[in-house]
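J.: next comes the sequence, and after it the predicted model I'd like to discuss.
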Amino acid sequence: MGIGRKNWLFAGSDKGGERIANILTIIETAKLHGHNPEVYLTGVLTRIQSHPKDRLQELLPWQWVPAKDRYEAA
């Protein structure tokens, strides 16, 4: 990717570059599904520790429901 070339220069290592690529993928996927990435990441990181392991798929961008919408639906 030519646009990010200078940004990846300071990733620190190949592993750092992979981490950056992973987080950018999550951010872009959240955008693709109509979510504000900051709100999405804040919501997921707030919920993930207490969220049941067998329902982690609910935190994926294409199934995630923002907190305000979860409470309105209940």
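T.: Right, received. Where do you want to start? Residues are numbered from 1 along each chain as shown.

J.: what's the spacing between stretch 33-49 and its chain's center?
T.: 6 Å (Cα atoms, centre = their mean, to the nearest Å).

J.: secondary structure element holding the spatially most central residue of the chain?
T.: Of all residues in the chain, the one closest to the mean position by Cα atoms, centre = their mean is Ile26, 4.0 Å from it. With elements taken from DSSP states H and E, the one containing Ile26 is helix 14-32.

J.: what comes up buried for that helix?
T.: Using 16 or more other Cβ atoms under 10 Å as the burial criterion, the residues of helix 14-32 that qualify are 17, 20, 27, 30. From N, CA and C alone the C-beta is placed, and that goes for glycine too.

J.: please apply the same query to stretch 31-49.
T.: By neighbour count, with 16+ other Cβ under 10 Å as the criterion, the buried positions of stretch 31-49 are 35, 37, 40, 43-44.

J.: pick the one among these closest to Leu60.
T.: Closest approach to Leu60 among these (Cβ to Cβ): Val44, at 9.1 Å.

J.: before we move on, the earlier item: hmm, the residue nearest to the centre of the chain is touching Trp62, no?
T.: No. Under the criterion of Cβ atoms under 8 Å, Ile26 lies out of contact with Trp62, with a separation of 12.0 Å.

J.: need the residues touching each of those two.
T.: Between them, Ile26 and Trp62 share no neighbouring residue, with contact defined by Cβ atoms under 8 Å, 6 or more residues apart in numbering.

J.: stretch 49-62: end-to-end distance?
T.: With Cα to Cα, to the nearest Å as the measure, the first residue of stretch 49-62 is 20 Å from its last.

J.: and that stretch, average pLDDT?
T.: Model confidence over stretch 49-62 averages 93 on the pLDDT scale.

J.: same deal with stretch 20-39?
T.: Stretch 20-39 carries an average pLDDT of 93.

J.: okay, the angle between the host helix or strand of Leu41 and helix 14-32?
T.: Applying DSSP H and E as the criterion places Leu41 in helix 37-47. Compare the direction of helix 37-47 with that of helix 14-32 by axes from the mean of the first three to the mean of the last three Cα atoms, to 10 degrees and you get 110 degrees.
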